[in-house]
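K.L.:
Sequence and predicted structure are below.
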Number of protein chains: 2
Amino acid sequence: MAGIRAKQKEKTRQALINAAMNQLNAENGFSSLSLREVAREAGIAPTSFYRHFRDMDELGLTLVDECGLALRQLLRQARQRIESGGSIIRVSIETFMQFVADNTATFRLLLQERSGRSRSFRLAVVREIDHFKAELEDYLVNEQSFTRELAELQSDTIAKIVFSAGADCFDVDEEEREIITEKTILQVRLVARGAEATRRLLKKQT
Amino acid sequence: MAGIRAKQKEKTRQALINAAMNQLNAENGFSSLSLREVAREAGIAPTSFYRHFRDMDELGLTLVDECGLALRQLLRQARQRIESGGSIIRVSIETFMQFVADNTATFRLLLQERSGRSRSFRLAVVREIDHFKAELEDYLVNEQSFTRELAELQSDTIAKIVFSAGADCFDVDEEEREIITEKTILQVRLVARGAEATRRLLKKQT
DNA sequence: CGAAACAGCGTACACCTGTACGCCGAATGT
DNA sequence: ACATTCGGCGTACAGGTGTACGCTGTTTCG
């Protein structure tokens, strides 16, 4: 019952995932990545791959899911840190940017497959981004008392800005990344200010 | 001197470009697109490909360049239309979205290779987006009297929003695309309002 | 006119791909 | 203790890939 068998299986499964991530680090997009290569890097025979995933797409979806999950957990932690003081915008964006730096490979996969590959791939990515938006939207409604409509518009805008900024961080050093981070903070504040002005505008009209 | 030879060469060159664009329409990203397939669709022998491009990458860069050029020309036309009355934001975004709808294949390539493939590819894409930003930035400085700094922040933000929105249009029907267009207009107005508020804020401080 | 240039072709090669099939040996369940 | 399960392996195959090489027939140029 020790599950020594299941243990080993999980281990090689992880080896496959890591192998895929490593090869993603290079200049090769996920689609130009072969089952055989991944298996080779993971140290198993090509045919053993099928014991874990139906095909490469299933592996890719797993990567997307894991990436999204990790990001969400990280941001949730960040939000707790905020409750004990700190700028919501700054802390969130700094956390996000750090995440991108630490998980460049999978995050690149996420953005790259956002507009390519198979439908199921795209849907998975959209789902992850929607999670991000939904949590931000709820925050804006509950903590900042925005209307649902304005919060939705705002969170969608911010998501676009932040994810684009994340993509800008792929090939830059830490110094450059800090510059981008600061710029992004300013940009999100710009949006927040615009939303605030819009709210006031709407109030006056009634 | 009629250049009947050069004429023919240009014709098959275009055939290659069109073939690549057609195959891009499907669910295949550019990187999963083979020289042989493109040559086949263009109606020439695989080895004749080399008479026109060193390799597939060179073809891809050509596509990116052409796509960017067409977009710039279109937006310049749009701006002329604006000078004879019309909302700059609305007209620009509607034009942009129409362009994406008409050139889905190449625009998808543009966004996809923004964060993938070889360095030269990425640089080419960044260059195109920078063109877009620069023209917008100049407009904001010259016509709207923003400071260079605030104009730069604003144009970068808007570029992020608009290009992301473009990506959202890839797999949707015309109805959905109109919804996205309207949403994008609201989002850009949000940013414009935020920039306006920021400008006033800075003026008061001095 | 004759010679050079050159777009396009066909053949050929070495390489890589996904995956079907059957086997093995260790972990597991009874 | 024995039968079953199952992760991993090796072999094998058909198909696709990029591209080197040398040949054509037409256009171009002196």
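P.N.:
Received the coordinates, thanks.
K.L.:
Help me confirm that residue A:20 comes into contact with residue A:59.
P.N.:
Yes - using CB atoms under 8 Å, residue A:20 is in contact with residue A:59, at 5.8 Å. Heads up, the C-betas are built off the backbone N, CA and C, glycines and all.
K.L.:
Give me the common contacts of these two.
P.N.:
Common neighbours of residue A:20 and residue A:59 (criterion: CB atoms under 8 Å, 6 or more residues apart in numbering or on different chains): residue A:38.
K.L.:
When these two are compared, which one has more neighbours?
P.N.:
residue A:20 (25 against 22; other CB atoms under 10 Å in any protein chain shown).
K.L.:
give me the element the more buried one is part of.
P.N.:
Here residue A:20, judged by DSSP states H and E, is contained in helix A:4-25.
K.L.:
does DNA strand D sit close to that helix?
P.N.:
Yes - judged by CB under 7 Å from any atom of the strand, helix A:4-25 comes into contact with DNA strand D at A:5, A:8-9, A:12.
K.L.:
could those residues go into a markdown table alongside neighbour count?
P.N.:
Output for the residues of helix A:4-25 next to DNA strand D, formatted as a markdown table (neighbours: other CB atoms under 10 Å in any protein chain shown):
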| residue | neighbour count |
| --- | --- |
| A:5 | 8 |
| A:8 | 10 |
| A:9 | 13 |
| A:12 | 17 |
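K.L.:
need the residues of chain A near DNA strand C, please.
P.N.:
Residues of chain A lying near DNA strand C (CB under 7 Å from any atom of the strand): A:1-6, A:34-37, A:46-47, A:49-50, A:55-56.
K.L.:
For chain B, what's the nearest residue on chain A?
P.N.:
Ranking the residues of chain A by distance to chain B (CB to the nearest CB) places residue A:194 first, at 2.9 Å.
K.L.:
I'd say that residue and residue B:187 touch.
P.N.:
No - using CB under 8 Å, residue A:194 makes no contact with residue B:187, being 9.1 Å away.
K.L.:
for chain A, what spans make up the strands?
P.N.:
Taking DSSP state E, chain A contains no strands at all.
K.L.:
in it, what spans have low per-residue confidence?
P.N.:
Within chain A, the stretches with pLDDT under 70 are A:1-2, A:26.
K.L.:
what residues go with each domain of chain A?
P.N.:
A:1-53, A:56-205 (automatic domain parsing).
K.L.:
Deepest in the core, which of those domains is it.
P.N.:
domain A:56-205 (a mean of 18; mean count of other CB atoms under 10 Å in any protein chain shown).
K.L.:
Now residue A:100. Nearest residue, chain neighbours left out?
P.N.:
Nearest non-adjacent residue to residue A:100, counting by CB to CB, 6 or more residues apart in numbering or on different chains: residue A:166, 4.4 Å away.
K.L.:
Taking the centroid of chain A, which residue is nearest it?
P.N.:
residue A:68 (4.9 Å; CA atoms, centre = their mean).
K.L.:
my guess is that residue contacts residue A:109, does it?
P.N.:
No - contact criterion CB under 8 Å: residue A:68 and residue A:109 do not qualify, at 11.0 Å.
K.L.:
Would you tell me which residues of chain A are close to DNA strand D?
P.N.:
Counting by CB under 7 Å from any atom of the strand, chain A sits next to DNA strand D at A:5, A:8-9, A:12, A:43-48, A:51-52.
K.L.:
right, and the pair among the residues you listed with maximum separation?
P.N.:
A:5 and A:46 (21.8 Å; CB to CB).
K.L.:
sorry, back to before: nearest spatial neighbour of the residue nearest to the centre of chain A, skipping sequence neighbours?
P.N.:
residue A:128 (3.3 Å).
K.L.:
wait, doesn't that neighbour sit right on residue A:66?
P.N.:
No - at 10.3 Å, residue A:128 does not count as touching residue A:66 under the criterion of CB under 8 Å.
K.L.:
hmm, back to that, out of the residues of helix A:4-25 next to DNA strand D, which one sits closest to residue B:153?
P.N.:
Nearest to residue B:153 among the residues of helix A:4-25 next to DNA strand D, with distances taken as CB to CB, is residue A:12, at 48.6 Å.
K.L.:
gap between the residue nearest to residue A:100 and residue A:38?
P.N.:
25 Å (CB to CB, to the nearest Å).
K.L.:
Next: residue A:20.
P.N.:
Residue A:20 is 5 Å from residue A:38, by CB to CB.
K.L.:
residues shared between the contacts of those two?
P.N.:
residue A:59.
K.L.:
residues contacting residue A:169?
P.N.:
Contacts of residue A:169 (CB under 8 Å, 6+ apart): A:97, A:100-101, A:104, A:176-177, A:180.
K.L.:
how about the residues of chain A that lie near chain B?
P.N.:
A:27-29, A:31-32, A:108, A:111-112, A:114-119, A:122, A:153-154, A:156-157, A:160-161, A:163-165, A:167, A:170-171, A:183, A:186-187, A:189-198 (CB under 8 Å from any CB of the partner chain).
K.L.:
Swap in 6 Å and give it another go.
P.N.:
Contact residues, chain A versus chain B (CB under 6 Å from any CB of the partner chain): A:27, A:29, A:31-32, A:108, A:111-112, A:115-116, A:118, A:153, A:157, A:160-161, A:164, A:167, A:170, A:186-187, A:190-191, A:193-194, A:197.
K.L.:
roughly how far apart are residue A:193 and residue A:186?
P.N.:
For residue A:193 relative to residue A:186 (CB to CB), the value is 10 Å.
K.L.:
Go ahead and confirm residue A:146 touches residue A:138.
P.N.:
No - counting by CB atoms under 6 Å, residue A:146 does not reach residue A:138; the two are 10.5 Å apart.
K.L.:
How about residues contacting stretch A:181-198?
P.N.:
By CB atoms under 6 Å, 6 or more residues apart in numbering or on different chains, the residues outside stretch A:181-198 that reach it are A:89-90, A:93, A:97, A:150, A:154, A:157-158, A:161, A:165, B:153, B:157, B:190-191, B:193-194, B:197.
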